[in-house]
Structures are given as C-alpha cells and as structure tokens.
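**Q** quick one, fold the following:
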Amino acid sequence: MSNAHYKLVRHDGGWAYTLNGTYSETFPTHDAALKVARRVAVEQRVPGESTYIEYQTPDGRWHTEHVLGIDRPDTDVSG
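**A** I've put the predicted structure just below:
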C-alpha cells in the first residue's frame, strides 16, 4: 500500500498543500488550507470501483493496469 503525504506550505501570498510536488490552489489562511487538505486526505482513502487505468511514465511509455477499488493509500497531513 502506498502513502499520500500532504504537506502545508506558504504559497503565492497564502497557504497551499502539496502532494508529490504539485500545489493545490492557494488559501488565505493556514487553517483553511489545513481543513481542505484533511478532507482531501480522507477522500483518498474511500474505496471505489475496480477499473483499468492508463498512465504515461517520464520516459514516454504508456502503461495500462488493473487497479482494485479497495487498494487505497494511507494518507497524512503535516505542516
């Protein structure tokens, strides 16, 4: 099982959360960003339907794989 670690950071005059180097929208306060990051982290753990996904790796290769709806990451929020 993977881990999704959300981190709160100052960003663009306010606060945002990041995941794997990607920033959320900017929030005016730390508390606002924390509230949304916690909600997003909880939503990541909700099981879904099993399905096929396609993705491209940095070397340009495409992959297709079957993912189980119960294979959800552990999540946490810091900052």
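
**Q** quick one, longest strand in the protein?
**A** strand 3-11 (DSSP state E).

**Q** if I look at the residue sitting nearest the centre point of the chain, how far off is residue 70?
**A** The centre of the chain sits closest to residue 19, judged by C-alpha atoms, centre = their mean, with a distance of 5.2 Å. Counting by C-beta to C-beta, to the nearest Å, the gap from residue 19 to residue 70 is 21 Å. C-beta: built from backbone N, CA, C; applies to glycine.

**Q** do residue 10 as well
**A** Relative to residue 70, residue 10 is positioned 36 Å away (C-beta to C-beta).

**Q** so for the two, which sits in the more crowded spot?
**A** For residue 10 and residue 70, the more surrounded residue by other C-beta atoms under 10 Å is residue 10, and the numbers stand at 12 against 9.

**Q** and the more buried one, what is it in contact with?
**A** Neighbouring residues of residue 10 by C-beta atoms under 8 Å, 6 or more residues apart in numbering: there are none.

**Q** got a pLDDT number for it?
**A** In this model, residue 10 is scored at 98, pLDDT.

**Q** again, but for the one 4 residues further on
**A** Here the pLDDT value assigned to residue 14 is 98.

**Q** cool, the one 5 residues further on as well?
**A** The predicted structure scores residue 19 at 94 on the pLDDT scale.

**Q** what is it paired to in the beta sheet?
**A** Beta-bridge pairing for residue 19 (DSSP bridges): residue 22.

**Q** and the gap between it and residue 64?
**A** With the distance defined as C-beta to C-beta, residue 19 ends up 24 Å from residue 64.

**Q** contacting residues around the nearest residue to residue 13 once chain neighbours are set aside?
**A** Nearest residue to residue 13, sequence neighbours excluded (C-beta to C-beta, 6 or more residues apart in numbering): residue 26, at 6.7 Å. Taking C-beta under 8 Å, 6+ apart, we find residue 26 in contact with 11-16.

**Q** re earlier: so the residue nearest to the centre of the chain is in contact with residue 3, correct?
**A** No: the criterion here is C-beta atoms under 8 Å, and residue 19 misses it with residue 3 at 10.7 Å.
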